[in-house]
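Enquirer: Okay, predicted coordinates and the sequence, questions at the end:
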Amino acid sequence: MNIDNLFFSLEIIGTLAFAVTGVITAFDEKLDLLGAVVLGLSAAVGGGILRDIILGYLPPSAFRHPVFSLIAIAASILAFVIAYFVGKRFKKHNREWFQVLNIFDSVGLAAFTVGGVNAAHVCGFAENSFLCIFVGTLTAVGGGVLRDIMAGRVPVILRKQVYALAAIIGAGVYQGLFELTQIPQTLLIVISISSVLIIRILATVFHWNLPSLKNADE
């Protein structure tokens, strides 16, 4: 499998997972089918759209090559139908489904992080470390932020879970190894993706969260 096919496969997994998180959010907020599709699509491709706007790649890839958008729409509709008919049983096994979804979501997070940094390199910004790390992180978490804002929530990455931090570290590992070493790109991708996955797995197992501000009455 070449690098392009590897990225494509990983991003499909991430697109599917992120689309489902949008539908789950819609399910919690009691939205209709259109609302579920909008949230699913926003979660899946929103980060990539924001990335392309910052990089000046217009129209964004989500519109030039809509395969991921179409996959996100199809996944959102399917997830909505399943949730509509088996919602009660889903709640009974919520923990098991969450663990499965978290695995796919973490793979998507890692793939989108590395893909975002690579997109900055392709656009000619490989020497701008801050920009590369920023757009890598934005690609990974931007869609989730849009999803939560549309649902009227404080974005999850701002209040719990070592999520954005994992993307920042993964993007930093990719950019740092790219600048300081001459290792093959395939190995560079594997190391960077692994760093994100390890952080997410450890955060999930040990319930890691960053320190947060507490209300004075708590």
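Expert: Cool, the structure landed. Since the structure is predicted, the reported quantities are computational estimates derived from the model, not experimental observations.

Enquirer: alpha carbons only for contacts and neighbour counts from here, please
Expert: Fine.

Enquirer: how about low-confidence regions in the chain?
Expert: For the chain, residues meeting the criterion pLDDT under 70 lie at 1, 87-98, 100, 160-161, 213-218.

Enquirer: could you pull out the helices for it?
Expert: Along the chain, counting by DSSP state H, helices occupy 3-28, 33-55, 61-64, 67-92, 94-122, 129-150, 164-180, 185-205.

Enquirer: ok, now which ones touch Thr113?
Expert: Counting by Cα atoms under 8 Å, 6 or more residues apart in numbering, Thr113 touches 136-140, 167, 170-171.

Enquirer: got these as a markdown table, with distance to Ala43 and neighbour count columns?
Expert: Below are the contacts of Thr113 laid out as a markdown table (distance: Cα to Cα, whole Å; neighbours: other Cα atoms under 10 Å):
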| residue | distance to Ala43 | neighbour count |
| --- | --- | --- |
| Gly136 | 15 | 34 |
| Thr137 | 14 | 31 |
| Leu138 | 12 | 26 |
| Thr139 | 10 | 30 |
| Ala140 | 10 | 35 |
| Ala167 | 16 | 33 |
| Gly170 | 20 | 30 |
| Ala171 | 19 | 32 |
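
Enquirer: Relative to Ser212, tell me which of the helices of the chain wins on proximity.
Expert: helix 164-180 (14.3 Å; Cα to Cα).

Enquirer: Dump the helices of the chain into a markdown table; add distance to Ile157 as well.
Expert: Output for the helices of the chain, formatted as a markdown table (distance: least, Cα to Cα, whole Å):
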| stretch | distance to Ile157 |
| --- | --- |
| helix 3-28 | 14 |
| helix 33-55 | 13 |
| helix 61-64 | 23 |
| helix 67-92 | 21 |
| helix 94-122 | 12 |
| helix 129-150 | 8 |
| helix 164-180 | 6 |
| helix 185-205 | 13 |
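
Enquirer: Now for Pro184, how many residues are close by?
Expert: As a burial measure, Pro184 scores 9 neighbours (other Cα atoms under 10 Å).

Enquirer: Count the neighbours of Glu29 for me.
Expert: By other Cα under 10 Å, 14 other residues sit near Glu29.

Enquirer: doesn't Ala151 make contact with it?
Expert: Yes: assessed by Cα atoms under 8 Å, Glu29 is found in contact with Ala151 at 7.2 Å.

Enquirer: sorry, back to before: which stretch among the helices of the chain comes nearest Val156?
Expert: That would be helix 129-150 among those, by Cα to Cα, at 7.3 Å.

Enquirer: first vs last residue of stretch 24-43, how far apart are they?
Expert: End-to-end distance for stretch 24-43: 11 Å, by Cα to Cα, to the nearest Å.
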